[in-house]
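Trainee: Predicted model and sequence below, questions to follow.
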Amino acid sequence: DRFVGMATLALQHPDLAAEQLEYGMRRLGLKGAAIGGSVEGQELADRRYDVFWAKAQELDAMLFMHPQPAPGTTQNARLQGRGGLGNTIGNPLETTVFLSHLIFEGTFDRFPRLRICGAHAGGYLPSYTGRSDALCGRGGAFGSDCRALNRKPSEYFKTNLYIDSMIFQEEGLRHLVAQVGADRIFYGTDYPFDMLEHDPIGHINSVETFDDATRAALAGGNAKKMLGL
């Protein structure tokens, strides 16, 4: 009663991925799927993936996006060297690019009930949607990218987008709640990998401005609600 399964899908074949998601949820009792942010260099906002997004919406699936090795982000040549930059910068960058393409290519407008949680606190997008909103408020070539959208980029966090709490700083988590709302954030952890000093529950409880209801929502209440537990 505390654990649920998520499917793994062959997204390089969108029709098959849709079938796999339906089989996993209807036959195996899974609650959604874990996906990457791109497939062999192709963006998932490409219209060939609409068959998959349509099935995810039909099934009311919860999709958790976690980066996989990808050209231009995690595998960018400039991220070589010390600091594990392919991880510390590249992974959240992959999440940012993935979510931004879904917004600007109209995926959420075509499938308005899609639910996607972006790993690593949504990358850089939750803290920087103001720049995308500003672009949509101007004219010229860049502003034209937004004319077909149903709303401002930041507003998709009210309807389609969720993030996890993997931000590692108290002020960072407080900021994310202020940006997207306490109901849009799920408990996140990198245990048992290479960030062992991170205490994910202590991280949530350490933010002094959070009341008990907010802490309970982040630590499990939001996930229970969205997964129907």
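Mentor: Alright, I've got the coordinates.
Trainee: Can you say which helix or strand has residue 132 in it?
Mentor: Following DSSP states H and E, the helix or strand that holds residue 132 is helix 125-136.
Trainee: So for that helix, mean pLDDT?
Mentor: Average pLDDT, helix 125-136: 91.
Trainee: Next secondary structure after the least confident helix or strand in the chain by mean pLDDT?
Mentor: Lowest by mean pLDDT, DSSP states H and E among the helices and strands of the chain is helix 140-143, with a mean of 64. Next helix or strand after helix 140-143 toward the C-terminus (DSSP H and E): strand 161-164.
Trainee: Scan this protein for its longest helix.
Mentor: Selection of the longest helix in the chain by residue count, based on DSSP state H, yields helix 90-104.
Trainee: Against which helices or strands is whichever helix or strand comes after that helix packed?
Mentor: Note on helix 90-104: by DSSP H and E, the next helix or strand toward the C-terminus is helix 107-110. When contacts are defined as 3 or more CB pairs under 8 Å, 6 or more residues apart in numbering; DSSP states H and E, helix 107-110 packs onto helix 50-59. All C-beta spots, glycine's among them, are computed from the backbone N, C-alpha and C.
Trainee: Could you list the low-confidence segments of the chain?
Mentor: The chain contains residues with pLDDT under 70 at 138-143, 191-198.
Trainee: Please report the distance of the most centrally placed residue in it from residue 7.
Mentor: For the chain, residue 118 is the residue whose C-alpha lies nearest the centre (CA atoms, centre = their mean; 1.4 Å). To residue 7, residue 118 is 18 Å away according to CB to CB, to the nearest Å.
Trainee: Helix, strand or coil: sort out residue 45 for me.
Mentor: The three-state label given to residue 45 by DSSP: H, G, I helix; E, B strand; the rest coil is coil.
Trainee: and it, how many residues sit next to it?
Mentor: Burial of residue 45 is recorded as 21 neighbouring residues (other CB atoms under 10 Å).
Trainee: Next: the one 3 residues further on.
Mentor: Counted with other CB under 10 Å, the burial measure for residue 48 works out to 11 neighbours.
Trainee: Kindly report the same for residue 96.
Mentor: Neighbour tally, residue 96, other CB under 10 Å: 22.
Trainee: can you pull the contacts of the spatially closest residue to residue 103 that is not a sequence neighbour?
Mentor: Distance criterion CB to CB, 6 or more residues apart in numbering; nearest residue to residue 103, sequence neighbours excluded, is residue 153 at 5.1 Å. Neighbouring residues of residue 153 by CB atoms under 8 Å, 6 or more residues apart in numbering: 100, 103, 104, 129, 132, 133, 136, 146.
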